[in-house]
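>>> the following comprises the amino acid sequence and a computationally predicted model.
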Amino acid sequence: MSKFISLTSVIAAAVFFLAGCGSFGAKGGYASDTRLYFDTAITVSVYDDRAEELLEGCFSICDELERTLSAQDEDSELYRVNHRTAAETGISDALSECIAMGLEAGELSDGEFDITILPVSGLWDFSSRQGYAPEADEIEEAMERVDASAVYLDGNRLTVSNDDAMIDLGAIAKGYISGRIKDYFREKGCEGAVINLGGNVSTLGSKKGKAFKVGIQKPFTDRGETIATVNINEGCVISSGTYERYFIDLNGKLYHHILSAKTGYPCDTGLTQVTVIGDDDMLCDTLSTVFMLTGKEGAEKIVKDRGYDLTLVFVDNESKAVLFDPETGEKEIAEGEVIDLT
């Protein structure tokens, strides 16, 4: 299947770059292209005289990492790990780094986040918007296979002592990929770039000497309606929310894709969306899901206790938006407000 897709087919994203849509082909030191990886539209825009060359290099990285981190691709390294014939195996640096991040996230969330959630998440259908909740006994049986304590990592040696455990890196992989692409751009001396992985926006350098404007999607609205706009030079703006993948059952109950590893059901922490703004793409991507699971108070405590240099935006179920900075605390923000982090 071709990895090229039309921009009109991109599903509404949690975060998006505020700019006119470019097309493939350099013009005035600019080029942009969109391709499909991990069933996610990945758009990369480059502000550099070598834009086309740099784009091809970054999509080569996407090719490589899809063959490494996809839990669904039967040719991927992670798929082979999940269908292993021995408890211990050697793994690549990329897979090791992502699993290490996942295990750390499990500890941070007190077990609400678990990279072995795949047997449970596989029961849920959030793609059609016409799904239904699995039977309770199905979830209970699958929960017996959720066990991050069975995963032991020693450098590039991975041991999974539970034969039925399967690893899912969906909450980590996009951040790892954008981080790798940024590393590549830095090595090449790229002047500026925007990397949008299905709503995870990461920026490098500048847009011809100007800051980037990144919109935070207003939950449950058409793409382009923002709850706030972030002005940023180099960093990432990454959101998770209940509106990204969900369905409503015949009784009118909404079920979303962020599952608690303690219950097997969608979490309910009073939040519709969490946006994490920082410098480390993989960390911010992972924490956006972790903080949906822990709730606002838990998220703020983790940031303070760990000394993370992050800015958070919470949107609760009543559409109230709150900005949190570990140094200045909380501040309610009005719809459409500009958050200037330049």
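Sure thing, it's come through.

>>> and the residue nearest to Glu138 when sequence neighbours are not counted, how far is that from Arg245?
Leaving aside its sequence neighbours, Glu138 sits nearest to Leu123 (Cβ to Cβ, 6 or more residues apart in numbering; 5.7 Å). For the C-beta atoms, the positions are set from N, CA and C on the backbone; glycine is no exception. Leu123 is 14 Å from Arg245, where distance means Cβ to Cβ, to the nearest Å.

>>> what about Ile61, how many neighbours?
By other Cβ atoms under 10 Å, the residues close to Ile61 number 17.

>>> next SSE downstream of the one helix or strand it maps to?
Using DSSP states H and E, Ile61 maps to helix 51-69. For helix 51-69, the succeeding helix or strand toward the C-terminus, using DSSP H and E, is helix 77-82.

>>> not counting whichever helix or strand comes after that next one itself, show me its contacts.
Downstream of helix 77-82, the next assigned helix or strand under DSSP H and E is strand 88-90. Here strand 88-90 makes contact (Cβ atoms under 8 Å, 6 or more residues apart in numbering) with Val81, Asn156, Arg157, Leu158, Thr159.

>>> what about Leu204, distance to Cys190?
In terms of Cβ to Cβ, Leu204 sits 6 Å off from Cys190.

>>> those two: which has the busier surroundings?
Between Leu204 and Cys190, counted using other Cβ under 10 Å, the more crowded position is Leu204 (24 against 21).

>>> contacts only, for that one.
Here Leu204 is in contact with Lys182, Phe185, Arg186, Cys190, Gly192, Ala193, Val194, Ile195, Glu234 (Cβ under 8 Å, 6+ apart).

>>> filter those down to the ones in strands?
Among those, the members found in strands (DSSP state E) are Gly192, Ala193, Val194, Ile195.

>>> show me what the helix holding Ile61 is packed up against.
In this structure, helix 51-69 makes packing contacts with strand 30-37, strand 40-47, helix 77-82, helix 93-108, helix 173-187, judged by 3 or more Cβ pairs under 8 Å, 6 or more residues apart in numbering; DSSP states H and E.

>>> winner for burial among the ones you listed?
Greatest average neighbour count among these goes to strand 40-47 (a mean of 24), per mean count of other Cβ atoms under 10 Å.

>>> what lines up beside it in the sheet?
Neighbouring strands of strand 40-47 in its sheet, by DSSP bridges, are strand 30-37 (antiparallel), strand 192-197 (antiparallel).

>>> now it: average pLDDT?
Mean pLDDT, strand 40-47: 94.

>>> stretch 103-120 now?
98.

>>> repeat that for stretch 261-281.
Stretch 261-281 comes out at a mean pLDDT of 98.

>>> what comes up buried for it?
Neighbour counts over stretch 261-281 (16 or more other Cβ atoms under 10 Å) mark 261-262, 264, 266-267, 269, 271-278, 280-281 as buried.

>>> in the stretch 201-342 of the chain, which spans are helices?
Listed in chain order, the helices of the stretch 201-342 of the chain (DSSP state H, counting those that start in this stretch) span 281-306.

>>> where do the strands sit along it?
Remark: strands assigned in the stretch 201-342 of the chain by DSSP state E, counting those that start in this stretch are 212-217, 226-232, 235-241, 246-248, 254-256, 271-278, 311-316, 321-325, 329-333, 337-340.

>>> surely Ile117 meets Thr263?
No: counting by Cβ atoms under 8 Å, Ile117 does not reach Thr263; the two are 11.0 Å apart.

>>> now mean pLDDT and distance to Ala165 too, for the strands paired with strand 40-47, in TSV please.
Compiled in TSV, the strands paired with strand 40-47 are given as follows (pLDDT from 0 to 100; distance: least, Cβ to Cβ, whole Å):
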stretch	mean pLDDT	distance to Ala165
strand 30-37	95	25
strand 192-197	96	27
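
>>> would you turn these into CSV with distance to Glu337?
As requested, those are exported to CSV (distance: least, Cβ to Cβ, whole Å):
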stretch, distance to Glu337
strand 30-37, 28
strand 192-197, 21
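
>>> so which of the ones you listed is nearest Glu53?
Evaluated over the strands paired with strand 40-47, closeness to Glu53 peaks at strand 30-37, with 9.3 Å, by Cβ to Cβ.
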